[in-house]
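**Q** based on what follows, work out the 3D shape:
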Amino acid sequence: MKRTTLTLALLASGLTSPLAFSQTKADFDELRQEVLRLRQELNALKGQAPAATTAASSANAERIEQLELKQKDAVVVGDIPGSFRLPGSETSLRIYGFAELNAVHETKGDNSNNDYSTFAPYAPINGSTTRKGVSYLTARTSRFGIEASTPTAYGPLGVKVEGDFNNEPRTGNAAVNGTIGNIYTQQATNSYNFRLRHAYGQFGGLLVGQTWSTFMDVDNSPETVDFNGPIGSTFLRQPQIRYAYNTKDMGAFTVALENSVSYLLDSSGVATTQGFSKVPDLVARWDKSFDWGAMSLRGLSHELRINDGAGTGLAKRGYGVASTAFVKMRDAQDFLSLAVTYGDGIGRYFNYIEGAAYDATNQRILLEKALGVVLGYQYKANDHFRANFVYGRQRNYDNAYTTFARANGLDSGQYGINRSVYQGHIGFIYNPIKSVDFGAEYIFGQRETLVGEKGDLSRINLSAKYNFN
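**A** Modelled structure (predicted):
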């Protein structure tokens, strides 16, 4: 057991060649058969005259001992890419992640309240602040994950747990705003708390746990250096129970029950404490691959409910639909990505709107109506260099929700309701070697509130990512 631990430690540190210890499944089976063959020879020799067989028996016994020790210490290649087989188990384990540094320089607008990504919907209104030209570095997006696969009668059982450090630091028992202005952590360790991203198990089409929302199309989304990416689509992870049914010709059909959060603004623009979740959100989805690319259609229904604990209770359903497409370009070297999202009370499933409001005076729940589009193109010059051009836009439409916002002064200022928001990304990623990504991206955007106030932002984001798996 100690030798096995030492071998794995040497492999992990790079002090020994993987070829000296790792084996494929075929190599491992061959070694096992050789041990069995030698045992058979040894047993046959034991049935012969002792004087004639003592030397041969001793030699075979020593050979078996050496082979069994080698078999015990061998690291066997697992069933999933980049994995190894746990000793004495059928489980394949893959450890992966990356260490990442982002260097950001604000060129217009003060977006430093988000020291790792842009957030155009809350960009300061032009003229409201004189802060500009802020520069800072952060490693909080670094990531670590473990993925496992075990064969079962129903197919492989997959388990994944992943997290990063994109969480707020704390001083004592109090959470501290993790911004560039937070001197408490930056004067000392620049530390952030570990944050759960994914934790789920999956087999036979059934997934239970936390991961990307079924309403989000991760595979067909454009790539950006910026952590959040463009506005106008879905960016959400949450607990869920999901079942996917794959067909040969009609694509994949998926249905999911996901965590429900009744987030509603009150007349002061603050999320009301009377929000009440009673039933899970329902998401349905269809995906299909084609020769030209892939397409996805999704629908969402979720409940927004108020319960003050004193007999007042209201409920209303919010809805959303979305479609994405991935189109191969230039002999499949490049790709074009398209996304359209629409919702009436779609809420947190849209990046980014508030979603709904509680009109206590008239005892009603008001739903925000919004449309978003995302367009992205990736140009791949060669195996080491690619460029991404991404644009996202969203628009809010007049209804009872916007009337309520105007009547209560929620239509202006940094946290006012927006009429429209757009954001663009021009980025480049260079891979000098397989496991290293160097990124550079220029990001620009603008928001306009319901009363016509505008807030512009732009920044340069440089990144260095070192992957391991």
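
**Q** quick one: low-confidence parts of the chain?
**A** Within the chain, the segments meeting pLDDT under 70 span 1-29, 31-32, 35-36, 38-39, 41-74, 112-115, 130, 168-185.

**Q** how's it carved up into domains?
**A** Following automatic domain parsing, the chain resolves into domains at 2-77, 92-468.

**Q** distance to Ser83 added to those, as CSV?
**A** Just so you know, the C-beta spots here come from the backbone N, C-alpha and C atoms, and that holds for glycine as well. Converted to CSV, the domains of the chain look like this (distance: least, C-beta to C-beta, whole Å):
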stretch, distance to Ser83
domain 2-77, 7
domain 92-468, 4
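
**Q** okay if I get the ones you listed as a markdown table plus mean neighbour count?
**A** Putting the domains of the chain into a markdown table (neighbours: other C-beta atoms under 10 Å) gives the following:
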| stretch | mean neighbour count |
| --- | --- |
| domain 2-77 | 13 |
| domain 92-468 | 17 |
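
**Q** between the two ends of stretch 109-117, how far is it?
**A** Start-to-end span of stretch 109-117 (C-alpha to C-alpha, to the nearest Å) is 14 Å.

**Q** to Arg85, which of the domains of the chain lies closest?
**A** domain 2-77 (4.0 Å; C-beta to C-beta).

**Q** mind listing what the residue nearest to Phe276 when sequence neighbours are not counted touches?
**A** Once flanking residues are discounted, Phe276 sits nearest to Asn307: 3.8 Å by C-beta to C-beta, 6 or more residues apart in numbering. Listed by C-beta atoms under 8 Å, 6 or more residues apart in numbering, the contact partners of Asn307 are 274, 276, 313.

**Q** again, only this time at 10 Å
**A** 262, 274-278, 313-315 (C-beta atoms under 10 Å, 6 or more residues apart in numbering).

**Q** next step: those residues restricted to strands.
**A** The strands, defined by DSSP state E, take in 313-315 from the contacts of Asn307.

**Q** and of the residues you listed, the nearest to Gly201?
**A** Nearest member of the ones in strands among the contacts of Asn307 to Gly201, counting by C-beta to C-beta, is Ala315, at 32.3 Å.

**Q** quick one, what contacts the closest one?
**A** By C-beta under 10 Å, 6+ apart, the contact set of Ala315 is 262, 276, 278-279, 303-307, 365.

**Q** same deal with Asn418?
**A** When contacts are counted by C-beta under 10 Å, 6+ apart, Asn418 touches 120-123, 231, 352-354, 370, 394-396, 411, 447-450, 453, 455.

**Q** distance check, it against Asn351.
**A** From Asn418 over to Asn351 the distance is 13 Å, taken as C-beta to C-beta, to the nearest Å.

**Q** what does Asn431 give?
**A** From Asn431 to Asn351 the distance is 28 Å (C-beta to C-beta).

**Q** for Val134, same thing?
**A** 24 Å.

**Q** can you check Gly209 too?
**A** Plainly put, Gly209 is 22 Å away from Asn351 if you go by C-beta to C-beta.

**Q** put together CSV for the contacts of Asn307, with distance to Tyr401 on each row.
**A** CSV is the format used below for the contacts of Asn307 (distance: C-beta to C-beta, whole Å):
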residue, distance to Tyr401
Ser262, 15
Gln274, 17
Gly275, 16
Phe276, 19
Ser277, 20
Lys278, 22
Gly313, 20
Leu314, 15
Ala315, 17
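
**Q** closest one to Gln186 out of these, please.
**A** Gly275 (34.1 Å).

**Q** contacting residues for the closest one?
**A** Contacts of Gly275 (C-beta under 10 Å, 6+ apart): 260-266, 304-307, 356, 358.

**Q** repeat for Ala322
**A** Contacts for Ala322 (C-beta under 10 Å, 6+ apart) come out as 215-217, 233-234, 285, 296-300, 339-343, 346, 349-350, 372.

**Q** so is it in a helix, a strand, or just coil?
**A** Ala322 carries the three-state label strand when classified by DSSP: H, G, I helix; E, B strand; the rest coil.

**Q** surely Gly229 touches Gly424?
**A** No: counting by C-beta atoms under 10 Å, Gly229 sits too far from Gly424 to count as a contact (11.6 Å).

**Q** can you list residues touching both of the two?
**A** With contacts defined as C-beta under 10 Å, 6+ apart, the residues shared by Gly229 and Gly424 are 390, 392.

**Q** strand partners of the host helix or strand of Asp287, parallel vs antiparallel please.
**A** Asp287 belongs to strand 281-290 when assigned by DSSP states H and E. Within its sheet, strand 281-290 is paired with strand 252-258 (antiparallel), strand 293-307 (antiparallel), according to DSSP bridges.

**Q** and that strand, how far out from the chain middle?
**A** Put simply, strand 281-290 sits 18 Å off its chain's centre (C-alpha atoms, centre = their mean, to the nearest Å).

**Q** likewise for stretch 462-469?
**A** Computed by C-alpha atoms, centre = their mean, the separation of stretch 462-469 from the middle of its chain amounts to 15 Å.

**Q** okay, that stretch in PDB with CA atoms only?
**A** Only the C-alpha atoms of stretch 462-469 are listed here, as PDB (Å, rounded to 0.1, in the frame of the first residue of the first chain):
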ATOM      1  CA  LEU A 462      -5.500  39.400 -19.800                       C
ATOM      2  CA  SER A 463      -5.400  35.900 -18.500                       C
ATOM      3  CA  ALA A 464      -3.000  33.000 -18.000                       C
ATOM      4  CA  LYS A 465      -4.500  29.500 -17.400                       C
ATOM      5  CA  TYR A 466      -2.400  26.400 -16.600                       C
ATOM      6  CA  ASN A 467      -4.500  23.200 -16.900                       C
ATOM      7  CA  PHE A 468      -4.000  19.800 -15.300                       C
ATOM      8  CA  ASN A 469      -5.900  16.600 -15.900                       C
END
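
**Q** on that earlier part again, joint contacts of Asn418 and Asn351?
**A** Common contact partners of Asn418 and Asn351 (C-beta under 10 Å, 6+ apart): 121, 231, 394.
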